[in-house]
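Trainee: Sequence plus predicted model, see below.
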Amino acid sequence: MSVRRLDASALRDWSHAAVGDLITHTDEINRLNVFPVADADTGTNMLFTMRSAWAQADQHAGADNVVTVTAALARGALHGARGNSGVILSQILRGFADVTAAAAEDRRAEVADIDGGLFGAALRHAVSLVVISMGRPVPGTIVSVLQEAAGAAEHAADSGAELAGVVAAAADAAAVALDKTTGQLDVLAEAGVVDAGGRGLLVLLDAMSTTLTGHAPRRQEYVPSPPAQLVAPTASSAPQFEVMYLLSECDSAGVEQLRRSLDRLGESVAIAASAEGAGHYSVHVHADDAGAAVEAALAVGTPSRIQITSLTGATGARPAGGWATERAVLAIVDGLGAEQLFAGEGAHVLRPEADEPVSAKQLLHALVNTGSAQVMVLPNGYVAAEELVAGCTAAIGWGIDVVPVPAASMVQGLAALAVHDAERQAVDDGYTMARAAAAARHGSVRVATEEALTWAGMCKPGDGLGIAGDEVLIVGDDVAAAGAGLIDLLLVAGGELITVLTGVGVDPGVSAALQEHVHREHLGTELVTYHTDHSGDVLLIGVE
């Protein structure tokens, strides 16, 4: 079994995998969330925090320096931290940023990868950062799980284990410590659950093992199992609001003053320092007087990105600070040129991986990553109906209003995208986009690979086959001839605009030949071509 190094590329892949795995386990983690407030959002908060970290690291896709990537992960997590668990996660990632930066300084050279020793040291440093940020850590929480994971990683590294073994030891120790949390905290025992944040940490460690080895550790599903005899619950006295903000221009004395003020106002106080430099912090507190929690910051620094969320109202998967935008378009496309084309028109893009069909999980991941409350989906023929329904249904459960637009080809998707208007009501926008997609008659051209009898006659290898629906309607001597014949058929019912998308390996002369044909045979009709570099059928043709 080959094992990857934990270099810059692997770190980015891990952050991507961690987001995907948190999506898978978010509902499970949320059901475990009873401490410090039973608001069922720990999984959601960790997901959105990790998503922010990944997005920041993804901006350094070309970087091969571990220090750069770990710093980006930490910065993204701190700026996008959601809830108490998000602040803690930001400090865990900062642990890796600090330790790799220190290693680079000691060696006076770039750090190419994180070995077992650095991994253990990073977890140990993360424990210290979390304890400092929380003030008074409570046994039976994510802190307890992190401490055990750090100890196991250090022991494995000291014993000469390779990185994969160190990570596996940390994850297994975290699983054992997670089981013990029920007996360490009364509120967990009463609810019959393990700590939600600890479960999230185990997901992250297992994602690291999967990234390095390609093998996903098997874990039980953690479900609430309250004791048979339960004392009747007392009336809740939990604070009404969760307050979070970033704080700048604050010195260490100001931090201690702020912590004392917030301790008087509420509970679950966390003040996490940024790795970017002194004076920058992420602040979290649960309090009844949200205004006073913000005013306390004004006395010691400058607060920004203030988020105030009710802890007593309905819970859901929406992020605490709301979605970044109200409405977005997600287009599933194939080919680098197609990605650039649709993104240039303002769409978020999901590309199938290595000719694999798009799964419901990948679709859900992409929908969440738009950061939008409403998403118009252009499947473009690349998502099976059952996967589309499953992914969109799951996203709706997350609080995202999803409108699948019936676009069966990228040319139909472009027609729909051209009339998208985020200022219209979603139902109006969806109807208009669907009507534009349906009005775009479309077909494709592929290259015959064997001799066969079609509805249009015999074909031989190398012939161009013009296809509409599921039938071969044109057999041409080459791709250009088949494309010209298919355009003629599609224009029988009229049309003013022809769109041709050319795929992998298509000679530029094909586009020129089609331009000449349309100019000669269909004067007054406009033809536009784009090289999308898609696989499969070599030409995608649409007529509007």
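Mentor: On my side now, so go ahead.
Trainee: what residues go with each domain of this structure?
Mentor: Partitioning the chain according to automatic domain parsing yields domains covering residues 1-221, 240-309, 325-439, 441-543.
Trainee: ok, which stretches of the stretch 301-450 of the chain are helices?
Mentor: Along the stretch 301-450 of the chain, the segments classed as helices by DSSP state H, counting those that start in this stretch run 336-344, 360-369, 385-397, 410-418, 426-439.
Trainee: Now do the fourth one: distance to the chain's middle.
Mentor: By that I understand helix 410-418. 25 Å (CA atoms, centre = their mean, to the nearest Å).
Trainee: now swap in the last one and tell me
Mentor: Helix 426-439 sits 27 Å away from the centroid of its parent chain (CA atoms, centre = their mean).
Trainee: Which helix or strand contains residue 505?
Mentor: Under DSSP states H and E, no helix or strand contains residue 505.
Trainee: That one: neighbouring residues, count only.
Mentor: 9 (other CB atoms under 10 Å). Where you see a C-beta, it was placed from the backbone N, CA and C, and this is true even at glycine.
Trainee: which intervals of the stretch 351-500 of the chain have sub-threshold pLDDT?
Mentor: For the stretch 351-500 of the chain, the stretches with pLDDT under 70 are 397-399.
Trainee: switch the cut-off to 80
Mentor: Applying pLDDT under 80 to the stretch 351-500 of the chain flags the ranges 353-356, 361, 365, 368-369, 371, 393-399.
Trainee: returning to what we had before: worst average pLDDT in the domains of the chain?
Mentor: The minimum mean pLDDT among those belongs to domain 240-309 (a mean of 85).
Trainee: Any idea how far apart the tips of it sit?
Mentor: Domain 240-309 has an end-to-end distance of 8 Å (CA to CA, to the nearest Å).
Trainee: Likewise for stretch 74-87?
Mentor: For stretch 74-87, the end-to-end distance is 11 Å (CA to CA).
Trainee: Now residue 94. Nearest residue, chain neighbours left out?
Mentor: residue 74 (4.2 Å; CB to CB, 6 or more residues apart in numbering).
Trainee: and that neighbour, what helix or strand is that in?
Mentor: helix 66-79.
Trainee: Contacts made by that helix with the rest, please.
Mentor: 6-8, 11-12, 15, 49-50, 52-57, 59-60, 63, 86, 89-90, 93-94, 96-97, 100-101, 104, 110-114, 246, 272, 274-276, 282, 305 (CB atoms under 8 Å, 6 or more residues apart in numbering).
Trainee: Buried ones among these?
Mentor: The neighbour-count test (16 or more other CB atoms under 10 Å) applied to the contacts of helix 66-79 identifies 6-8, 11-12, 15, 49-50, 52-57, 60, 63, 86, 89-90, 93-94, 96-97, 100-101, 104, 111, 113-114, 246, 272, 274-275, 282 as buried.
Trainee: Of those residues, which belong to helices?
Mentor: Residues of the buried ones among the contacts of helix 66-79 located in helices (DSSP state H): 8, 11-12, 15, 49-50, 52-57, 86, 89-90, 93-94, 96-97, 100-101, 104.
Trainee: List the contacts of residue 84.
Mentor: 36, 45, 197, 268, 270, 284 are the contacts of residue 84 under CB under 8 Å, 6+ apart.
Trainee: Contacts only, for residue 412.
Mentor: By CB under 8 Å, 6+ apart, the contact list for residue 412 reads 380, 437-438, 440, 442, 542.
Trainee: One more: residue 353?
Mentor: Going by CB under 8 Å, 6+ apart, residue 353 touches residue 362.
Trainee: With distance to residue 523 as extra columns, can I get the helices of the stretch 301-450 of the chain in a markdown table?
Mentor: Formatted as a markdown table, the helices of the stretch 301-450 of the chain follow (distance: least, CB to CB, whole Å):
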| stretch | distance to residue 523 |
| --- | --- |
| helix 336-344 | 27 |
| helix 360-369 | 42 |
| helix 385-397 | 40 |
| helix 410-418 | 22 |
| helix 426-439 | 22 |
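Trainee: Packed most tightly, which of these would that be?
Mentor: Of the helices of the stretch 301-450 of the chain, the one with the most neighbours on average (mean count of other CB atoms under 10 Å) is helix 410-418, at a mean of 26.
Trainee: Report the angle between that helix and helix 426-439.
Mentor: Going by axes from the mean of the first three to the mean of the last three CA atoms, to 10 degrees, helix 410-418 is angled at 140 degrees with respect to helix 426-439.
Trainee: still on that earlier bit, and among the domains of the chain, the most buried is which?
Mentor: domain 1-221 (a mean of 21).
Trainee: Quick one: distance of that domain to the chain centre.
Mentor: The answer for domain 1-221 is 17 Å, by CA atoms, centre = their mean.
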